[in-house]
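Chemist: Got a predicted structure plus its sequence, pasted below:
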Amino acid sequence: MLSRIWEDFLLIAREEAGSRVVETWFKAVALQRWDAITNVVYLQAPNQFVKDWVKNNYIPLLQVNLGRLLHVEMPKIFFVDAIEEVKESSTTPNQPSASATFLPAKVAEPMRTGIMRVPSSKNQSHINSNYVFSNFVVGPSNSLAYAAAHAVTEKPGKLYNPLFIYGNSGLGKTHLLHAIGNQIKAQNKRASVLYQTADRFVNEFISAIRFDKMHKFQEKYKDIDVLLIDDVQFISNKEQTQEAFFHIFNTLYDAHKQLVFSSDTFPQNIQGVAERLRSRLAWGLVTDIYMPGIETKVAILKKKAELSNGMVSDEVAHFIASRVVSNIRELEGSLVRVMAFASLTHQSVTIDLARKVLLRNSSSPEEQAPRTVDFERILQHLQKQYGYSLNEMQSKSRNKDLAFVRQVAMFLMKKLTDKSLRDIGMYLGGRDHSTVMHAISKIEQHSSVNNEFVQKIKCIEDEIVG
C-alpha cells in the first residue's frame, strides 16, 4: 500500500514540481512508514545531501500531497536510517527517536531510474577516434576555432584555458572537441582525457547523488588532465549541477589542467547559469563557428566523399551545397542519400541523379524544399487559437490551461520539426527532455479519447504546414 501511495505522490509531484525534480530527488527517496496515531510520515534518503535538499525545499509539497493521499491533515515528515527500524512507542512528532534521525545509508535502486550509473572506469574517455584534425575542413567560418583547438594540444593547460567554442548545431564544434582529445592522447598516452556531453555530466551527477557515490564522482574529475564538455548550455537551470561543475572547474583550472567547452551561444548569453560560472567560461579564449560559404561547403562534401571511398564532381557538390543552408550535418546527410541511392541502383553520381534524389518530392526539378516549420511558427498559430503569448509559454507558470497548451506545443514541435526533445524543452523555458516526453504522452492519451480534440489539432497542423 505504501509503495502505491508513493507512486501516486510521484505522479502529483511531476505535475506540480516538474519531471526534473522527481527524477533528481523524489525517486531517490522511499516512503518507509506512516504512523496513523502520531500522524508522522517516515521517509528514507540515500544520503545527507538528498535529505537536506528535500527538507529545505519540498516539505510543504510532501505534507500537502501525502496528507491528501493518506486522508489526514498535514502530516509531520521525518527521515529515518535505512538500517534501524522505527520505534513505534517512543516516537512522537515533537520527540523523534534516535532512529528517526539521518545516518548515511544506501537504499535499494528504484525499478525505473532512467539515469545512467557513474562510470566505474577512469579510462572511459568517450573520445571518438573518427574525429581528428586531418579530416576537419577549414574555411573562413571556422579557421579561428580550428587554430585555437590545435594550439591547446601543443600546450594543454597553458594556452587558451579555458577554450570556449560556440555556434549553431551541426557546424563542427563536437568534431573539434574530439580532435583535441585524440591529438593529446596521441602525444601523451598517459594523459587522462575525458569528453562529456553536458547531458551526460548532469545524469552522472544525479546518479552520484541518488546512489551515494559522490566520493567516486569527485575522485574521477579531480584526476582529469583534459576535460571537454560539449553543449554546456544544458546545465542551465540546474543549480546543484552547476555547483558541482563550478568546483570541478576551479579544481582543474587551479591545477593548470586544460578545459574546453562548446555551446550554441556566447557564454554571457547562456540563460539560467550563475554569473560566476558564466564569467569563468569566458576566462580564456572565446571563438565562434558559423555556417560556411559555398566554397567551404563544396570542400566539405568532397572530403566526406573521399573518406567514404567515393567521388563527387564539382558540379554535384555545388548543387548539394547550394540547397543546404542550415548546418553541416544536413549537408553531409544529403550527400549520403545521393551516394547511397547511386550505390544501391548501380548508377554514377551525376547532377541528374542528385536532383532526382534531393528534389523527388517537389513538383518541378528546380523547386526548393517547402517552407520550414519552426518553433516560432507553431507558437504563432497556437497563440491565435488559444491566446497565450510566447513569454507565457516559456514561463514557469503552472496554470492548468496554460500548461495544457504548452503540452500541445511540445507535441506539435516534436511532430512537425526534426528538433530533439532537449531543443524543445530548452525553447519552452529550459524544461528537460523528460518533461517534453511526459507532455507528448499526455496529448497522445487525450487524443485517444477525444475525437473533437483530434480534429482541432489536425486543423492547427494544416494551418502551420499550409
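Modeler: Okay, I see it.

Chemist: burial of Ala17, as a residue count?
Modeler: Other residues near Ala17 come to 16 when the count uses other C-beta atoms under 10 Å. (Each C-beta comes from the backbone N, C-alpha and C, glycine too.)

Chemist: list the contacts for it?
Modeler: Residues in contact with Ala17 (C-beta atoms under 8 Å, 6 or more residues apart in numbering) are 58, 61.

Chemist: Please pull out the lowest mean pLDDT helix or strand from this protein.
Modeler: helix 19-24 (a mean of 74; mean pLDDT, DSSP states H and E).

Chemist: For it, buried residues please.
Modeler: Within helix 19-24, the residues that qualify as buried are 19-24, counting by 16 or more other C-beta atoms under 10 Å.

Chemist: Also stretch 412-425?
Modeler: 412-414, 416-417, 419, 421-425.

Chemist: Kindly report the same for stretch 395-409.
Modeler: So, applying 16+ other C-beta under 10 Å, buried residues of stretch 395-409: 402, 405-409.

Chemist: could you give the mean pLDDT of it?
Modeler: For stretch 395-409, mean pLDDT is 90.

Chemist: C-alpha coordinates for that stretch, PDB please?
Modeler: This file holds the C-alpha atoms of stretch 395-409, laid out as PDB (Å, rounded to 0.1, in the frame of the first residue of the first chain):
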ATOM      1  CA  SER A 395       7.200  31.000 -18.300                       C
ATOM      2  CA  LYS A 396       7.300  28.800 -15.200                       C
ATOM      3  CA  SER A 397       3.600  29.300 -14.600                       C
ATOM      4  CA  ARG A 398       1.700  26.000 -13.900                       C
ATOM      5  CA  ASN A 399      -1.800  27.500 -14.700                       C
ATOM      6  CA  LYS A 400      -3.800  24.400 -15.800                       C
ATOM      7  CA  ASP A 401      -5.000  25.800 -19.100                       C
ATOM      8  CA  LEU A 402      -1.600  27.300 -20.000                       C
ATOM      9  CA  ALA A 403       0.200  24.000 -19.000                       C
ATOM     10  CA  PHE A 404      -2.100  22.100 -21.400                       C
ATOM     11  CA  VAL A 405      -1.500  24.400 -24.300                       C
ATOM     12  CA  ARG A 406       2.300  24.200 -23.600                       C
ATOM     13  CA  GLN A 407       1.900  20.400 -23.800                       C
ATOM     14  CA  VAL A 408       0.100  20.800 -27.200                       C
ATOM     15  CA  ALA A 409       3.000  22.900 -28.300                       C
END
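
Chemist: Three-state assignment for Arg41, please.
Modeler: For residue 41 the amino acid is Val, not Arg. Three-state assignment for Val41 (DSSP: H, G, I helix; E, B strand; the rest coil): strand.

Chemist: Now for it: which residues touch it?
Modeler: Val41 neighbours (C-beta under 8 Å, 6+ apart): 31, 33-35, 62, 66, 70, 75-78.

Chemist: so of these, which ones are in strands?
Modeler: 31, 33-35, 76-78 (DSSP state E).

Chemist: among these, who's most crowded?
Modeler: Phe78 (23 neighbours).

Chemist: For that one, name its beta-bridge partners.
Modeler: Tyr42 (DSSP bridges).

Chemist: Tabulate the ones in strands among the contacts of Val41 (a markdown table), appending distance to Gly430 and pLDDT.
Modeler: Output for the ones in strands among the contacts of Val41, formatted as a markdown table (distance: C-beta to C-beta, whole Å; pLDDT from 0 to 100):
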| residue | distance to Gly430 | pLDDT |
| --- | --- | --- |
| Leu31 | 30 | 90 |
| Arg33 | 37 | 88 |
| Trp34 | 36 | 86 |
| Asp35 | 40 | 85 |
| Lys76 | 34 | 91 |
| Ile77 | 29 | 92 |
| Phe78 | 34 | 90 |
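
Chemist: Let me know the closest of these to Phe341.
Modeler: Checking the ones in strands among the contacts of Val41 against Phe341 by C-beta to C-beta gives Leu31 as the nearest, at 57.2 Å.

Chemist: just so I have it, where are all the helices in the stretch 1-150 of the chain?
Modeler: 2-17, 19-24, 48-57, 59-70, 143-154 (DSSP state H, counting those that start in this stretch).

Chemist: can you tell me which helix or strand the residue nearest to His446 when sequence neighbours are not counted belongs to?
Modeler: Nearest-residue entry for His446: Phe453, 6.0 Å, with adjacent residues in sequence omitted and distances by C-beta to C-beta, 6 or more residues apart in numbering. Phe453 is part of helix 451-465 when elements are defined by DSSP states H and E.

Chemist: Who are the packing partners of that helix?
Modeler: The elements that helix 451-465 packs onto, with contact taken as 3 or more C-beta pairs under 8 Å, 6 or more residues apart in numbering; DSSP states H and E, are helix 375-386, helix 400-416, helix 433-449.

Chemist: Return the last one as PDB; C-alpha atoms alone will do.
Modeler: What that stands for is helix 433-449. Extracted in PDB, the C-alpha atoms of helix 433-449 (Å, rounded to 0.1, in the frame of the first residue of the first chain):
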ATOM      1  CA  HIS A 433      13.600  16.300 -22.100                       C
ATOM      2  CA  SER A 434      11.600  14.100 -19.700                       C
ATOM      3  CA  THR A 435       9.000  16.900 -19.300                       C
ATOM      4  CA  VAL A 436       8.600  17.000 -23.000                       C
ATOM      5  CA  MET A 437       8.200  13.200 -23.200                       C
ATOM      6  CA  HIS A 438       5.500  13.400 -20.500                       C
ATOM      7  CA  ALA A 439       3.700  16.200 -22.400                       C
ATOM      8  CA  ILE A 440       3.700  14.300 -25.600                       C
ATOM      9  CA  SER A 441       2.300  11.200 -23.800                       C
ATOM     10  CA  LYS A 442      -0.400  13.300 -22.200                       C
ATOM     11  CA  ILE A 443      -1.600  14.700 -25.600                       C
ATOM     12  CA  GLU A 444      -1.500  11.300 -27.200                       C
ATOM     13  CA  GLN A 445      -3.600   9.900 -24.300                       C
ATOM     14  CA  HIS A 446      -6.100  12.800 -24.600                       C
ATOM     15  CA  SER A 447      -6.300  12.300 -28.400                       C
ATOM     16  CA  SER A 448      -7.200   8.600 -28.000                       C
ATOM     17  CA  VAL A 449     -10.400   9.500 -26.100                       C
END
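
Chemist: how about that helix: buried residues?
Modeler: Quick answer for helix 433-449 (16+ other C-beta under 10 Å): 433-440, 442-443, 446.

Chemist: in a strand, that's where Ile165 is, yeah?
Modeler: Yes: counting by three-state DSSP, Ile165 is found in a strand.

Chemist: Starting from Ala340, give me the distance back to Arg377.
Modeler: Using C-beta to C-beta, to the nearest Å, Arg377 is found at 31 Å from Ala340.

Chemist: Ser395 is in contact with Gly429, correct?
Modeler: Yes: counting by C-beta atoms under 8 Å, Gly429 does reach Ser395; the two are 6.3 Å apart.

Chemist: follow-up on the earlier one: which one of the buried residues of helix 19-24 is nearest Asp230?
Modeler: Among these, and counting by C-beta to C-beta, the member closest to Asp230 is Arg20, at 20.2 Å.
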